[in-house]
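Enquirer: Please find the sequence and the predicted model below.
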Amino acid sequence: MYFKVFYLSRFLWYSTSMIQVRIKKVFEEIIRAQYGGIEMPAFSVMPPDVETFGDYTSNAAMALARVVQKNPMEIAQVIASGLEQE
């Protein structure tokens, strides 16, 4: 029984990790398309602590706001509109 639970938890972690990597790459593509050749700041994509907040959360808009000197809400809207086009 322990092996089955361990294997399932490893599989779910791996799947979640792959999804996070894919989301991060899509965010980077959207950001580069909108803001050109900027140096990409470090940001994270992770499941939220509270499930009602959605499947994944990111601090990309906050991290990018420092680099491009724009309002994080404006950047988040750019990312969201890019996701809608995907």
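Expert: In hand now; what should we look at?

Enquirer: list the contacts for residue 63?
Expert: 41, 42, 43 (C-beta atoms under 8 Å, 6 or more residues apart in numbering). All C-beta spots, glycine's among them, are computed from the backbone N, C-alpha and C.

Enquirer: now the second one, nearest residue through space, not along the chain?
Expert: Put plainly, it is residue 42. Here the nearest residue to residue 42 in space, its sequence neighbours aside, is residue 63; by C-beta to C-beta, 6 or more residues apart in numbering that works out to 6.5 Å.

Enquirer: what's the answer for residue 47, then?
Expert: residue 56 (6.0 Å).

Enquirer: what sits against that neighbour?
Expert: So residue 56 contacts 19, 20, 23, 45, 46, 47, 48 (C-beta under 8 Å, 6+ apart).

Enquirer: again, only this time at 10 Å
Expert: Contacts for residue 56 were tallied using C-beta atoms under 10 Å, 6 or more residues apart in numbering; they are 16, 19, 20, 23, 24, 44, 45, 46, 47, 48.

Enquirer: Among the residues you listed, which ones are in helices?
Expert: 16, 19, 20, 23, 24 (DSSP state H).

Enquirer: Quick check: the last one touching residue 44?
Expert: Yes - shown here, residue 24 and residue 44 form a contact pair, counting by C-beta atoms under 10 Å, at 8.1 Å.

Enquirer: so where's this structure uncertain?
Expert: Where the chain drops to pLDDT under 70, the residues are 1-15, 86.

Enquirer: 50 instead?
Expert: 1-11 (pLDDT under 50).

Enquirer: So which residues of it form strands?
Expert: 45-46, 57-58 (DSSP state E).

Enquirer: Reformat those strands as TSV; add mean neighbour count and distance to residue 85.
Expert: Putting these into TSV (neighbours: other C-beta atoms under 10 Å; distance: least, C-beta to C-beta, whole Å) gives the following:
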stretch	mean neighbour count	distance to residue 85
strand 45-46	15	19
strand 57-58	16	18
